[in-house]
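Quick one, fold the following:
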Amino acid sequence: MDKIKIAIAGIGNCASSLIQGIEYYGDKEEKDAIGLMHWDIGGYTPFDIEVVAAFDIDKRKVGKDVSEAIFAPPNCTAVFCQEIPKKGVIVKMGRILDGVSDHMVNYSENRSFLPSDEIEAHKEQIVKELKDSGAEILLNYLPVGSEEATCFYAECALEAGVAYINNMPVFIVSNPEWAARFKEKGIPIIGDDIKAQLGATITHRMLADLFRKRGVKLERTYQLNTGGNTDFLNMLNRNRLASKKESKTEAVQSVLGQRMDDDNIHVGPSDYVPWQNDNKVCFLRMEGKLFGDVPMNLELRLSVEDSPNSAGVVIDAIRCCKLALERGIGGILYSPSSYFMKHPPKQFTDDEAYMMTDEFIKGLRDD
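Okay, here's the model as predicted:
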């Protein structure tokens, strides 16, 4: 089968884990492929994904082969596949727009972005690169809070006629105006804000759903997250945090039998701890009432390497997007979006989303 050709905007930790993963599973068989939700989707395995174009703004990455760029600072995720062969794909200069927060200048070079001296690309240049490379799908891996830059790359995808997977908490797929434009052009989209394989949000959702199913009244809850990667550094600027907090909060609210008052639920990134690097620690507390109004509470601490935790989910999203392209399905892919993303256009329980996505893969749903 032909490779699934992807382009990536933002060669950060998440892109590093994705590209490492594509290589890592290349010499595996299904029985040895630990850590994947699906080995085969429509005949495509993880190794059938090929990066053909890449964009970034950091001078330590622009101009380098993508196989080298994924290990350049400020990337700090786990290296689980050290030998990445040259891809022959040079990272091109993108557009900065609001992709770099002003406060990052106060931190060391190894922690912050260093914009390249190269001239920023115009939309026409990005579109030409997408077309010339043969890319079928564009992945958005820009920093949290990059509203203008995310919209810029969405425009590029529309003009180039390539599918768009929005892994970040800027609302494109769940925005009716954007969704209508992709639908009109027959281009599939998946989004918004990638849901990790076993992260803070999916764990919080499953526990909230368990409370509901077991008749426990959830009265108060918080999810506090700390980490040391550039996303957590970005989010020290609280102005960049609004959509991320909304995305994570709605992901939990959507599985409750009754919405909680805003004062009783807090879900969101809390602080930047440099030495944690790409490790994210979640502190979760849930307070409720059992039979006879007897109080109970649950406390959980979850520690995960943040970027690999999302890469396996993105590998599945890419392959579902490819199936949509093959089947001529345009617009929102509701089933994959509900299973893979925190802020899809329509929220379903995780059990429902799992079954819907399974049906989509089997060709029983056209979304």
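
Please enumerate the strands of the stretch 151-300 of the chain.
Per DSSP state E, counting those that start in this stretch, the stretch 151-300 of the chain carries strands over the ranges 163-166, 188-190, 217-227, 265-272, 279-289, 295-305.

Sheet-wise, list the partners of the second one with their directions.
What that stands for is strand 188-190. Partner strands and pairing direction for strand 188-190 (DSSP bridges) are strand 163-166 (parallel), strand 331-332 (parallel).

most packed of these?
Of the strands paired with strand 188-190, the one with the most neighbours on average (mean count of other CB atoms under 10 Å) is strand 163-166, at a mean of 28. Glycine gets a C-beta too; all of them are placed from N, C-alpha and C.

if we look at that one, which residues are touching it?
Around strand 163-166, the neighbours that count as contacts under CB atoms under 8 Å, 6 or more residues apart in numbering are 136-140, 150, 153-154, 157-158, 172-173, 182, 187-193, 314, 317-318, 321, 324-325.

Pull the distance from that strand to the chain's centre.
Here the centre of mass of C-alpha atoms in strand 163-166, compared against the chain's by CA atoms, centre = their mean, to the nearest Å, lies 10 Å away.

what is the rounded mean pLDDT of it?
Mean pLDDT, computed over strand 163-166, is 98.

just the CA coordinates of it, formatted as CSV?
Below are the C-alpha coordinates for strand 163-166, written out as CSV (Å, rounded to 0.1, in the frame of the first residue of the first chain):
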residue,chain,number,x,y,z
ALA,A,163,-6.9,17.2,5.4
TYR,A,164,-6.3,18.9,8.8
ILE,A,165,-5.8,17.3,12.2
ASN,A,166,-5.9,19.9,14.9
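
Check which helices and strands the longest helix along the chain sits against.
Under DSSP state H, the helix in the chain containing the largest number of residues is helix 308-327. The contact analysis (3 or more CB pairs under 8 Å, 6 or more residues apart in numbering; DSSP states H and E) places helix 308-327 against strand 4-9, helix 13-24, strand 49-56, strand 137-140, strand 163-166, strand 188-190, helix 334-340, helix 350-361.

now do 6 Å
With contacts defined as 3 or more CB pairs under 6 Å, 6 or more residues apart in numbering; DSSP states H and E, the packing partners of helix 308-327 are helix 13-24, strand 188-190, helix 334-340.

quick revisit: got the strands paired with strand 188-190 as TSV, with distance to residue 255 columns?
Rendered in TSV, the data for the strands paired with strand 188-190 read as follows (distance: least, CB to CB, whole Å):
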stretch	distance to residue 255
strand 163-166	22
strand 331-332	20
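
who wins for proximity to residue 284 among these?
Ranking those by proximity to residue 284 (CB to CB) places strand 163-166 first, at 26.0 Å.

pretty sure residue 200 contacts residue 283?
No. Under the contact definition of CB atoms under 6 Å, residue 200 does not touch residue 283, with a separation of 9.1 Å.

quick one: stretch 323-340 to chain centroid distance?
Relative to its chain's centre, stretch 323-340 lies at 16 Å (CA atoms, centre = their mean).

now stretch 236-243
17 Å.

Give me the buried positions along it.
Residues of stretch 236-243 classed as buried under the neighbour-count rule (16 or more other CB atoms under 10 Å) are 236, 240, 241, 243.

for stretch 82-89, same thing?
Judged by neighbour count using 16+ other CB under 10 Å, the buried positions of stretch 82-89 are 84, 87, 89.

what bridges to residue 190?
With beta bridges defined as DSSP bridges, residue 190 has these partners: residue 165.

In contact with it, which residues?
If a contact means CB atoms under 6 Å, 6 or more residues apart in numbering, then residue 190 has 165, 317, 321, 333, 336, 337 as its contacts.

which residues are contacting the longest helix of the chain?
Outside of helix 308-327, the residues within contact range by CB under 6 Å, 6+ apart are 4, 14, 17-18, 21, 35-38, 41-42, 44, 46, 49, 137, 163, 165, 188, 190, 194, 196-197, 199, 333, 336, 340.

hmm, which of these are the buried ones?
Of these, these count as buried by 16+ other CB under 10 Å: 4, 14, 17-18, 21, 36, 38, 41-42, 44, 46, 49, 137, 163, 165, 188, 190, 194, 196-197, 199, 333, 336, 340.

Would you map the helices across the stretch 51-200 of the chain?
Using DSSP state H, counting those that start in this stretch, the helices found in the stretch 51-200 of the chain span residues 66-69, 123-133, 147-160, 176-184, 200-213.

No further queries at this time; thank you.
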